[in-house]
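Colleague: Turn this into a structure:
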Amino acid sequence: MNLKLDKSGWKRVRLGDVVQRSRKQADPAEAGIERYVAGGHIDSESMVIQRWGDVGDGQMGSTFRYVFEPGQILFVSARPYLRKTGVVDFSGVVADKTYVLDADPDNGLLQNFLPWVLSSDPFVEYATAEATGSMNPRLLWGQFQQYEFKLPSLDEQNKIADLIWRVESHRVQLRASRNVMRATRLYFVDQAIGRALKNRAVPLARVAEIRGGIQKGKRTSGEVVDRPYVRVANVQAGEIDLADVKTISVSVADAERYALRDGDVLMTEGGDIDKLGRGAVWRCQIPQCLHQNHVFAVRVSEPSVSPYWISLHTESTHGRAYFRVAAKRTSNLASINKTQVSEFPIGILEGEDQLNALSTIDRLDSAMTDLDTESVTLTALRTVVLTEIFGDS
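Modeller: Reported below is the predicted structural model:
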């Protein structure tokens, strides 16, 4: 993509000369302020801040006193490589490590252009290099002000910002559409599972074999082979993430015993309570792959029950509630055992009902994948545009 930008007239400026930082403070309770924004509420790469916390939720720290108003720009100075910056359309407070910013049009910078300066690769690289502190590196205000870049005229800024914001607006709409579709999917899953449970409910062990996995550090004898294995981190809700797969040395007998088969439903044994029992169907993505003992392999034995139907149960409200109640908890982790998994109630749908339900879910999943693909394309387009604008700054 070529915007055919003539940068010959752009002037080099210092960020501190064209940006003002608001330091207005207030006690949120006394001022009647209802919302606060922490770093976790700001999504990386998203230029519109749409999440917040309630001041009275007990999670807000004592340093959340810096007031922001609709239209201002927030920049999280801690770990600037995370690209946490964006515009707010509501009022609230932030902590001292989040800067509340306004562009200074009298000195040549427009408010709608500033977020793109702060999310550009040259600025992020500068901010990351200048950040101080080892555990939680932060770009101090002094270093923030020292950043230099080439600034277009006000008219050019308007045109450029209008283009990028159009792309961003479409991205936001795609994300909203996906959220609606995801909620629709969950509603449909709950309706289908609920209908099946009312029809006929059986323990999981009635329709499948629940298999434990290989234990790390187990002593081996005889011939030893190396095999990839799936661990808890690889098993997500409804999908398996194989970006980082470890290997383990096992005996030939154990390599056969713990090998995954096509159609096995992988279910997590332990972890955070909200992730406990999450499941996904194995499709032999990696040959000769094993599963760790913290991941159960549920091998369906009833021909009329699809592995995907079992997996949907783990995603449903019914499944989440079952594992929350059944789990054994420690201070911050939870676990389930083979007996509890075996007793997990599975709803049975007769005839074509199960296939029809799975077909509907598949269409929703396909539509969400299409939205994700389009969103990735728009993100790439935005990156290309920003590179052309701010490259060689």
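Colleague: Tell me the residue in the chain that is farthest from the middle.
Modeller: Gly222 (43.7 Å; C-alpha atoms, centre = their mean).
Colleague: How confident was the prediction at that one?
Modeller: pLDDT, Gly222: 75.
Colleague: Help me confirm that it comes into contact with Ala255.
Modeller: No: Gly222 is not in contact with Ala255 according to C-beta atoms under 8 Å; the separation is 11.1 Å. Every C-beta, even on glycine, is put in place using the N, C-alpha and C of the backbone.
Colleague: same for the strand or helix carrying Thr314, what does it pack against?
Modeller: Assessed by DSSP states H and E, Thr314 sits inside helix 307-315. Secondary-structure packing of helix 307-315 (3 or more C-beta pairs under 8 Å, 6 or more residues apart in numbering; DSSP states H and E): helix 154-199, strand 265-268, strand 279-281, strand 295-300, strand 345-347, helix 353-390.
Colleague: what's the angle from it to strand 295-300?
Modeller: 130 degrees (axes from the mean of the first three to the mean of the last three C-alpha atoms, to 10 degrees).
Colleague: Show me the contact partners of the following helix or strand past helix 307-315.
Modeller: Where DSSP H and E defines the elements, the next helix or strand beyond helix 307-315 is helix 317-326. Under the contact criterion C-beta atoms under 8 Å, 6 or more residues apart in numbering, helix 317-326 has outside partners 186, 190, 193-194, 197, 273-274, 276-277, 313, 336, 340, 343-345, 347.
Colleague: Buried subset of the residues you listed, written for PyMOL?
Modeller: To isolate the buried subset of those in PyMOL, counting by 16 or more other C-beta atoms under 10 Å, use the following:
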select buried, resi 190+193+197+273+276+277+313+336+340+344+345+347
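Colleague: In the stretch 51-200 of the chain, where is pLDDT below threshold?
Modeller: Nowhere does the stretch 51-200 of the chain drop to pLDDT under 70.
Colleague: correction: the stretch 251-393 of the chain
Modeller: Judged by pLDDT under 70, the stretches of the stretch 251-393 of the chain that qualify are 393.
Colleague: again, only using 90
Modeller: 269-279, 324, 326-335, 350-351, 379, 383-384, 391-393 (pLDDT under 90).
Colleague: The nearest residue to Arg211 once chain neighbours are set aside pairs with what?
Modeller: Using C-beta to C-beta, 6 or more residues apart in numbering and skipping the chain neighbours, the partner closest in space to Arg211 is Ala297 (4.4 Å). Per DSSP bridges, residues listed as beta-bridge partners of Ala297: Arg211, Leu266.
Colleague: so Ala297 makes contact with Asp262?
Modeller: No: using C-beta under 8 Å, Ala297 is not in contact with Asp262; the gap is 11.5 Å.
Colleague: got any residues that touch both of those two?
Modeller: By C-beta under 8 Å, 6+ apart, the residues touching both Ala297 and Asp262 are Trp282.
Colleague: which of the two has more neighbours?
Modeller: Ala297 (22 against 10; other C-beta atoms under 10 Å).
Colleague: Just list the residues touching that one, thanks.
Modeller: So Ala297 contacts Ile210, Arg211, Gly213, Leu260, Arg261, Asp264, Val265, Leu266, Trp282, His291 (C-beta under 8 Å, 6+ apart).
Colleague: next one: Val167
Modeller: Contacts of Val167 (C-beta under 8 Å, 6+ apart): Leu378, Leu381, Arg382, Val385.
Colleague: Please spell out the PyMOL selection for the buried subset of these.
Modeller: Remark: buried members of these, expressed as a PyMOL selection using 16+ other C-beta under 10 Å:
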select buried, resi 382+385
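Colleague: The contacts of Val167: which two are farthest apart?
Modeller: Spanning the widest gap among those are Leu378 and Val385, at 10.4 Å by C-beta to C-beta.
Colleague: Helix or strand: which one has the most centrally placed residue in the chain?
Modeller: Centroid-nearest residue in the chain, with C-alpha atoms, centre = their mean: Asp43, separated by 8.8 Å. Using DSSP H and E, Asp43 sits in no helix or strand.
Colleague: Identify the residues contacting it.
Modeller: Arg51, Lys84, Gly86.
Colleague: quick one: which of these sit in strands?
Modeller: Gly86 (DSSP state E).
Colleague: I'd like the contacts of Asp43 laid out as a markdown table, including distance to Met181 and neighbour count.
Modeller: Converted to a markdown table, those look like this (distance: C-beta to C-beta, whole Å; neighbours: other C-beta atoms under 10 Å):
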| residue | distance to Met181 | neighbour count |
| --- | --- | --- |
| Arg51 | 19 | 12 |
| Lys84 | 26 | 24 |
| Gly86 | 24 | 24 |
